[in-house]
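In: generate coordinates for the sequence data below:
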Amino acid sequence: MGTRVEFLNDDHRQERADLAAAFRWTARLGMHEAVANHFSLSVSDDGTRFLINPNQVHFARIRASDLVLVDANDPGTLDRPDAPDPTAWGLHGAIHRHCPHARCAMHVHSIFATVLASLADSTLPPIDQNTASFFNRYVIDDNYGGLAFEAEGERCARLLSDPAKTVLIMGNHGVLVVGRTVAETFNRLYYFERAAETYVRALQTGRPLRVLSDDVAERTAREVEAYPGQADRHLAEIRAILDAEGSDYAH
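Out: Okay, here's the model as predicted:
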């Protein structure tokens, strides 16, 4: 898996290790899907050079050195011997080509986010603190067109052109979360899945929902965004647990 020579010669050791830890923890939480789904991270100033997981390798085995370094503007990427999955290239390549604010992108088919994306109305109402933290910060894609090859990826990327929208609820598909760092994006992915679970389980009761006002929901979202250091500490604790277990994720 991967090209260790390239890993030893590049300057992205910290970014690689952070991303590998996010893969490992996503698998541990059961938010992965076999050898599908993809995370990517920009490592160039313009955002077009990015790291992405190797083709069809289980999240639980991905190491820092396995991550593939590609350029969103290189049309020959899929001809490389270490080419990423074509749908990873289609979706993440388009995002890093057109959305420089989206430094990190994480796409999964996690259960509760996908249930939400499968509803005729995929709106996430602010019924608790977690759901409120995404108030006015997501966009819903109602036009699923099949696997995320290049045309579908370009269409999805256009939906994330507004930097204020950090979650794409991919109707009939799953969820894609973007952010400035691995820590911020993974933290957002984690809490979006929790928020979707809360909402889905609340619907299952069949009882009326206690929906927050727009003003309170927006204030809560801003307070969560400004809360100091939580995303960084979340990832640091994950890495500490993996390190204590002797994991090879950072290799």
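
In: show me where the stretch 151-251 of the chain has helices.
Out: Using DSSP state H, counting those that start in this stretch, the helices of the stretch 151-251 of the chain run over 182-205, 214-226, 230-244.

In: identify the residues contacting the residue nearest the centre of the chain.
Out: Centroid-nearest residue in the chain, with CA atoms, centre = their mean: residue 106, separated by 1.7 Å. Counting by CB atoms under 8 Å, 6 or more residues apart in numbering, residue 106 touches 22, 26, 39, 40, 176, 177, 178, 185, 186, 189. From N, CA and C alone the C-beta is placed, and that goes for glycine too.

In: ok, residue 215 next?
Out: Not one residue lies near residue 215 by CB under 8 Å, 6+ apart.

In: mind pulling up the pLDDT for it?
Out: Residue 215 is assigned a predicted lDDT (pLDDT) of 98.

In: how close does it sit to residue 142?
Out: Distance of residue 215 to residue 142, computed by CB to CB, to the nearest Å: 27 Å.

In: kindly report the same for residue 128.
Out: 25 Å.

In: same thing with residue 123?
Out: From residue 123 across to residue 142, the span is 11 Å (CB to CB).

In: kindly report the same for residue 58.
Out: Taking CB to CB, one finds residue 58 at 32 Å from residue 142.

In: next: residue 238.
Out: 34 Å.

In: out of those two, which sits in the more crowded spot?
Out: Taking neighbours as other CB atoms under 10 Å, residue 238 and residue 142 compare with residue 238 leading, 20 against 12.

In: what about the residue lying closest to that one once chain neighbours are set aside, which SS state?
Out: Closest residue to residue 238 apart from its sequence neighbours, by CB to CB, 6 or more residues apart in numbering: residue 25 at 4.9 Å. Using DSSP: H, G, I helix; E, B strand; the rest coil, the structure places residue 25 in helix.
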